[in-house]
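In: Give me a 3D structure for the following:
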Amino acid sequence: MKKFLIGIGLFLTLFNCQAQDTTQQVVKGRKNDPSQYNKPYIILISADGFRYDYIDKYNAVNLKRLSSSGVRAASMIPSFPSVTFPNHYTIATGMYPSHHGLVYNQYFDQKRGETYNMADRKAVEDGTWYGGVPIWVLAEQHKMLSASYHFVGTEAPIQGILPTYWYKFKDGIDIDRRINTVVNWLKLPADQRPHMISFYMSNTDHNGHEYGPETPQTKEAVAFVDGAIGKLQEAIAPLGLPVNFIFVADHGMTTVDTTYRMDATPYIDTAKFIWKGGGTSLHIYAKKGKGGNIDSLVRNLRANGKEWDVYLKDSIPARWNYSVLDDKFGHIGDVFVVPHFPKVMSMANRRISPGAHGFDPAIKEMHASFYAWGPAFKSGLQIPSFENIHIYPLIAQILGLTYSHTIDGNLEVLRTILKD
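Out: This is a model prediction of the structure:
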């Protein structure tokens, strides 16, 4: 099986081995409250790694056509770090990664003494790792049914709540089967029909990592995703339901330097420190009671690495919303190492894949896509770039879901894309 340096690739590979159950999971006994029957529908589609410019660069004809009848953003700015799990869950909660807890695809919790890893099914299915109130949980709290065909967080009972209909992650399931499942959800009787649906595709991230974003293989992945969107739209249209589509990506993708190698692990005393990550972010945690001198470690890393920046937790740039003041769950490392774009860390001499993400969201290649169409949205509207934290209040507004908890997103950023 192929191994990618960072991102969803490793997650997919390991989960293919561990999660063979493709049976739909159903939470029994739930029904829509009658007050929800006539509410609109949302299908939140995530195409992992679908960079902001792929729609034009690779001529995604269906997305061009559909977004021209709705809303198209210049780009959508991911949260830092611009990797898969943190940004999918940011889209789901309207909170920065430091505020919802998923600060990287893997990290260490010093209070628990445990590691969260996207490839660890036990952790992924443990709702206590996830902060915030995901949009499907909010819907279920309002007695509005939700469904998911793969989305970060939907396999865990967050605040004790799973989507009514959901699947254990297994990449490679036939796209027509997945589309038919969504259509069948929307054909259910009104009391059983989900109004909040999430849907995930990995193809552009796979090929972007393995071959790079400027390659025929990535062009082929864009065509696959675009074809799936066309099929999904065509299959749902005859149902005559007020279905709104929101197409997003978690991050972009860039070509990286595959010749320059750097590895921080020789400078980390693993008897005193724990390290997690690699690639575009490295978290280093001091083991309690083991005498690890953090200042000495920082000096050593800075002296031996010219192509990375080394931060103490209180010196991480404020623009990333990732410093000690933001770290609600204490998941960010005591020492944080970030390589200089477009270089990546090659821990343990792993292969450097030609495509990567995870860099500063200010770098344009990290920007993701946002397109929306359906009866809730204005037609033919183009908007400037915006942060992905604002999708949550937008969806809540469309579905008529209220909330009292604090989020980072603000409805006013996207309110103007909605019809009056």
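In: CA atoms for contacts and neighbours, from now on please.
Out: Noted.
In: shouldn't Lys64 be in contact with Asp53?
Out: No. Assessed by C-alpha atoms under 8 Å, Lys64 is found out of contact with Asp53, at 11.5 Å.
In: I'd like to know how far Gly131 sits from Ala156.
Out: 12 Å (C-alpha to C-alpha, to the nearest Å).
In: go on, Trp275?
Out: Distance from Trp275 to Ala156, by C-alpha to C-alpha: 25 Å.
In: Low-confidence ranges, the stretch 51-200 of the chain, go.
Out: The model of the stretch 51-200 of the chain has no residue with pLDDT under 70.
In: now swap in the stretch 201-350 of the chain and tell me
Out: Ranges of the stretch 201-350 of the chain meeting pLDDT under 70: none found.
In: what ranges do the strands span in the stretch 51-200 of the chain?
Out: Remark: strands assigned in the stretch 51-200 of the chain by DSSP state E, counting those that start in this stretch are 71-73, 76-77, 106-109, 114-117, 146-149, 165-166, 196-201.
In: which outside residues touch the first one?
Out: Outside of strand 71-73, the residues that reach it under the criterion C-alpha atoms under 8 Å, 6 or more residues apart in numbering are 369-373, 377-386, 417.
In: Walking through this protein, point out its helices one by one.
Out: In the chain, the segments counted as helices under DSSP state H are 8-18, 54-57, 61-68, 84-93, 97-100, 121-124, 135-141, 175-186, 203-211, 216-236, 294-304, 391-399.
In: Looking at those, which is nearest to Val256?
Out: When these are compared by C-alpha to C-alpha, helix 203-211 sits nearest Val256, at 9.9 Å.
In: Output the contacting helices and strands for the closest one.
Out: helix 8-18, strand 41-47, helix 216-236, strand 355-356 (3 or more C-alpha pairs under 8 Å, 6 or more residues apart in numbering; DSSP states H and E).
In: Now do the same contact list for Ala396.
Out: Applying C-alpha under 8 Å, 6+ apart, the residues near Ala396 are 135, 402.
In: Show me the residue at the heart of the chain, geometrically.
Out: Central residue check for the chain by C-alpha atoms, centre = their mean: the C-alpha nearest the mean position is that of His88, 2.0 Å away.
In: I'd say that one and Phe151 touch.
Out: Yes. If you go by C-alpha under 8 Å, His88 and Phe151 touch, sitting 7.4 Å apart.
In: Which residues does stretch 126-140 contact?
Out: Here stretch 126-140 has contacts from 89, 92-93, 95, 99-102, 116, 123, 145-147, 153, 156-164, 196, 392, 395-396, 401, 403, using C-alpha under 8 Å, 6+ apart.
In: which residues do Lys64 and Asp53 both contact?
Out: The contact lists of Lys64 and Asp53 share no entry, where a contact means C-alpha under 8 Å, 6+ apart.
In: ok so, going back, so can I have JSON lines of the helices and strands packed on helix 203-211 showing distance to Thr280?
Out: As requested, these are exported to JSON lines (distance: least, C-alpha to C-alpha, whole Å):
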{"stretch": "helix 8-18", "distance to Thr280": "14"}
{"stretch": "strand 41-47", "distance to Thr280": "21"}
{"stretch": "helix 216-236", "distance to Thr280": "21"}
{"stretch": "strand 355-356", "distance to Thr280": "8"}
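In: Packed most tightly, which of these would that be?
Out: strand 355-356 (a mean of 29; mean count of other C-alpha atoms under 10 Å).
In: what are the pairing partners of that strand, and which direction each?
Out: strand 254-255 (antiparallel) (DSSP bridges).
In: Domain ranges for the protein, per the record?
Out: Here the domain assignment for the chain is 8-103+119-256+360-417, 265-352, based on automatic domain parsing.
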